[in-house]
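Trainee: I need the structure of the sequence given here:
(2 chains)
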Number of protein chains: 2
Amino acid sequence: MTVIRAALLGFGTVGQGVYEAIKTHQKRLQERLGKKVEIAGVLIRDLRKQRSLPKHILVTDNIEDILAIDDLDIIFEAIVGNEPCYTYLNQAIEKGCHIITANKAMFAQFGTKLLEKAKQHRVQVGFEATTAGGVPIIRTIEQLLQVNKIEKVEAILNGTSNFILSEMRKNKLSFPDALQLAQERGYAEADPTNDIEGIDAFYKLMILSELIYGGQPEWRTVEKQGIRTLTSEKVQLAEQKQKRYKQIASLTKKDGKVLASVKPILVNKAHPLYHVEDVDNAIKLETSLIGTFTLQGPGAGKLPTASAMVEDFIYVLEKDKSIKQQGEVVYS
Amino acid sequence: MTVIRAALLGFGTVGQGVYEAIKTHQKRLQERLGKKVEIAGVLIRDLRKQRSLPKHILVTDNIEDILAIDDLDIIFEAIVGNEPCYTYLNQAIEKGCHIITANKAMFAQFGTKLLEKAKQHRVQVGFEATTAGGVPIIRTIEQLLQVNKIEKVEAILNGTSNFILSEMRKNKLSFPDALQLAQERGYAEADPTNDIEGIDAFYKLMILSELIYGGQPEWRTVEKQGIRTLTSEKVQLAEQKQKRYKQIASLTKKDGKVLASVKPILVNKAHPLYHVEDVDNAIKLETSLIGTFTLQGPGAGKLPTASAMVEDFIYVLEKDKSIKQQGEVVYS
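Mentor: Here you go, the predicted model:
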């Protein structure tokens, strides 16, 4: 096989980003993988929408058409919501496709099951893009865990609420005005609940919990507090005391129990998350050997998320190659 | 083989850190590697010094004794200076040992040759610990480069000079007083030239240049300016204007030419390196897809550096396994 055949589920912002990143980085990918990468099909919801895709790409609103593509190797999933996404990915795994997902809500809930199923079918799952967009937090944690224990995580995992808090402080906006600005800039959805109530950050935190501690706390026991109740006055008062409200997702393990919360916390100047502005995400990790370590970068957006998915793509294919070769050696 | 046999070259701070990290993380390493890790020998300079090492470990001041150890798999190198270090590592590679190094000066100069030689002898070289201590900058860059281009690097790569600048600003110390404090705390050597003249940061920058752009600028063309000429007055004046001096190592490529410098630069509040305090290191990367991305953490110290070396150890062994298995498949 000299071609890797991929399909995209979803052709919104992220799906288009993946498509573009693969097109513009074709040469680099070929060098790395020794194979051409071909987008063979795209699953969309509304066939009537105009899309500037070349004729040889199958564009369909039926998952069966995608799964029927000959020699399909890998699926990039960039659709929203648990279903039908979870069903589609199950079908793809059963067909022997690797999957790369950016769907945090679905992966927080069904990630463990998908990973288990992928193992049975000897395919790989990439989920770097579910958490903190282009910031390579998943791979960094996997690497640190080889030697370090991770004692505690404190993170800004939702760019929209960080933007709102930044605007309330820097430009003295009220919460509704800052939210409206976030919506105008395209950072917040028409229904901003998931962002401002800490739900989006919660999903990402659960994915980190699974990765770091091998399990999640019971969802209903996790404190989730949004930023809606923070007034401009509170934010200004904190600023006068050289403190800032940050919407922080925390994770630690105590007496064998995973403790997690998402809520606004007052941090002082010495805290690594104090300086994180606008739509950036940042993750502070307290580790057993390295000590405290922070990553910061764009937590969302078309190209950062697409970049994470294409990095996953390479990682997944190389891991698969290595595993298959081990298999051949063992069984030869 | 159910044991991986390793030797340490050097038993100073970093060497002892590696020894301890392997001892305390034996179980984790065994799970990861499927093999026990045994430190079989330690090369030291002065045999008369008391060391609390178990009797079964060969302690010697002669490299030949180390290289004569049966089935030696890997060497951790934590000694200072280009020679005899470079010669030792060449010998180790010829013997078929993987090497893990923390020696930035040596690796900046001879890294490319060592990597070339290692390739010929089908062994691996780990050098994560040469740059920014426990901050996993080498692996992160390798990963980003799979998809992203790195347009520009700006980094604080020397914790000692950052500590001195922090103290001059925060506690209004003069340069000599801040340097003395750094020496008292064990951050600066008796001869602090390498730290305060930008030489240490320069070596690390050259390693990053090789990794990112596949080559280094001619060393004599790189501007290296130390922090010795910065007075407390200058630092205070900058602070009044809400700016800070940071000793910044910069790297970029323009018209096919790598441009590099190490010098104090005035940065404003919005710059990700503005807030980096004390002995921390930080690296800001401007990338083609992800955008601007920053890593921050302890750039030196016993356990962070040891952690980087032990992570390298796992990485190197897994890479080796994967390559050898590919070989077996191809040639079977």
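Trainee: which residues touch A:K55?
Mentor: Applying C-beta atoms under 8 Å, 6 or more residues apart in numbering or on different chains to A:K55 gives no contacts. For the C-beta atoms, the positions are set from N, CA and C on the backbone; glycine is no exception.
Trainee: which residues of the stretch 151-300 of chain A lie near chain B?
Mentor: Within the stretch 151-300 of chain A, the positions adjacent to chain B are A:270, A:272, A:274-275, A:277, A:287, A:289-298 by C-beta under 8 Å from any C-beta of the partner chain.
Trainee: PyMOL command for the buried members of these?
Mentor: Remark: buried members of those, expressed as a PyMOL selection using 16 or more other C-beta atoms under 10 Å in any protein chain shown:
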select buried, chain A and resi 272+274+275+277+287+289+290+291+292+293+294+295+296+297+298
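Trainee: now, which of the residues of the stretch 151-300 of chain A next to chain B lie within strands?
Mentor: Using DSSP state E, the subset of these located in strands is A:287, A:292-298.
Trainee: could you look up the SS state of A:A40?
Mentor: Under DSSP: H, G, I helix; E, B strand; the rest coil, A:A40 falls in the strand class.
Trainee: where do the helices of the stretch 51-200 of chain A begin and end?
Mentor: A:63-67, A:85-94, A:104-120, A:137-144, A:159-170, A:175-184, A:193-196, A:199-213 (DSSP state H, counting those that start in this stretch).
Trainee: can these go into TSV with extra columns for mean pLDDT?
Mentor: Shown next, in TSV, are the helices of the stretch 51-200 of chain A (pLDDT from 0 to 100):
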stretch	mean pLDDT
helix A:63-67	97
helix A:85-94	98
helix A:104-120	97
helix A:137-144	93
helix A:159-170	96
helix A:175-184	95
helix A:193-196	95
helix A:199-213	97
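Trainee: and the ones in strands among the residues of the stretch 151-300 of chain A next to chain B, which is closest to A:Q26?
Mentor: Checking these against A:Q26 by C-beta to C-beta gives A:P298 as the nearest, at 23.7 Å.
Trainee: before we move on, the earlier item: same list (the helices of the stretch 51-200 of chain A) but as CSV, adding mean neighbour count.
Mentor: Shown next, in CSV, are these (neighbours: other C-beta atoms under 10 Å in any protein chain shown):
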stretch, mean neighbour count
helix A:63-67, 16
helix A:85-94, 19
helix A:104-120, 18
helix A:137-144, 20
helix A:159-170, 24
helix A:175-184, 17
helix A:193-196, 20
helix A:199-213, 23
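Trainee: so which of those gets nearest B:L173?
Mentor: Ranking the helices of the stretch 51-200 of chain A by their distance to B:L173 (criterion: C-beta to C-beta) puts helix A:159-170 first, at 31.6 Å.
Trainee: which parts of the stretch 201-332 of chain A are strands?
Mentor: Taking DSSP state E, counting those that start in this stretch as the criterion, the stretch 201-332 of chain A carries its strands at A:223-224, A:243-254, A:257-268, A:280-287, A:292-298.
Trainee: turn those into CSV, columns for mean pLDDT and distance to A:V147.
Mentor: Formatted as CSV, the strands of the stretch 201-332 of chain A follow (pLDDT from 0 to 100; distance: least, C-beta to C-beta, whole Å):
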stretch, mean pLDDT, distance to A:V147
strand A:223-224, 96, 31
strand A:243-254, 97, 18
strand A:257-268, 97, 21
strand A:280-287, 96, 9
strand A:292-298, 95, 13
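Trainee: can you list these in JSON lines and add distance to A:F163?
Mentor: Compiled in JSON lines, the strands of the stretch 201-332 of chain A are given as follows (distance: least, C-beta to C-beta, whole Å):
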{"stretch": "strand A:223-224", "distance to A:F163": "19"}
{"stretch": "strand A:243-254", "distance to A:F163": "10"}
{"stretch": "strand A:257-268", "distance to A:F163": "14"}
{"stretch": "strand A:280-287", "distance to A:F163": "9"}
{"stretch": "strand A:292-298", "distance to A:F163": "12"}
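Trainee: center of chain A - which residue?
Mentor: A:T130 (1.6 Å; C-alpha atoms, centre = their mean).
Trainee: quick one, what contacts the spatially closest residue to that residue that is not a sequence neighbour?
Mentor: Nearest residue to A:T130, sequence neighbours excluded (C-beta to C-beta, 6 or more residues apart in numbering or on different chains): A:K104, at 4.3 Å. Contact analysis of A:K104 by C-beta under 8 Å, 6+ apart lists A:130-131, A:200, A:203-204, A:207.
Trainee: now do A:K269
Mentor: So A:K269 contacts A:242-243 (C-beta under 8 Å, 6+ apart).
Trainee: same check, this time on A:L251
Mentor: Contacts of A:L251 (C-beta under 8 Å, 6+ apart): A:152-153, A:155, A:205, A:208-209, A:212-213, A:258-260.
Trainee: state the distance from it to A:L53.
Mentor: Distance of A:L251 to A:L53, given as C-beta to C-beta, to the nearest Å: 41 Å.
Trainee: cool, and A:K241?
Mentor: Counting by C-beta to C-beta, the gap from A:K241 to A:L53 is 54 Å.
Trainee: the two - which one has more neighbours?
Mentor: Legend: neighbour count by other C-beta atoms under 10 Å in any protein chain shown for A:K241 and A:L53, higher for A:L53 (16 against 9).
Trainee: look up the closest residue to that one, ignoring the ones flanking it.
Mentor: Take A:L53 and drop its neighbours on the chain: the residue closest to it by C-beta to C-beta, 6+ apart is A:V59, 5.9 Å away.
Trainee: likewise A:N268?
Mentor: With C-beta to C-beta, 6+ apart, the residue lying closest to A:N268 is A:K243, at 5.3 Å.
Trainee: list the buried residues of the helix or strand where A:A21 lies.
Mentor: In the assignment (DSSP states H and E), A:A21 maps to helix A:13-24. Going by neighbour count (16+ other C-beta under 10 Å), the buried part of helix A:13-24 is A:14-19, A:21-22.
Trainee: could you provide these in TSV, with additional columns for pLDDT and distance to B:I138?
Mentor: Shown next, in TSV, are the buried residues of helix A:13-24 (pLDDT from 0 to 100; distance: C-beta to C-beta, whole Å):
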residue	pLDDT	distance to B:I138
A:V14	92	29
A:G15	94	32
A:Q16	94	32
A:G17	93	27
A:V18	95	27
A:Y19	96	31
A:A21	92	24
A:I22	93	26
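Trainee: also within reach of chain B: list those from those.
Mentor: A:A21.
Trainee: residue of the stretch 101-250 of chain A closest to chain B, please.
Mentor: A:G134 (3.6 Å; C-beta to the nearest C-beta).
Trainee: pLDDT at the closest residue to that residue other than its chain neighbours, what is it?
Mentor: Closest residue to A:G134 apart from its sequence neighbours, by C-beta to C-beta, 6+ apart: A:P304 at 2.7 Å. Each residue has a pLDDT score; the one for A:P304 is 91.
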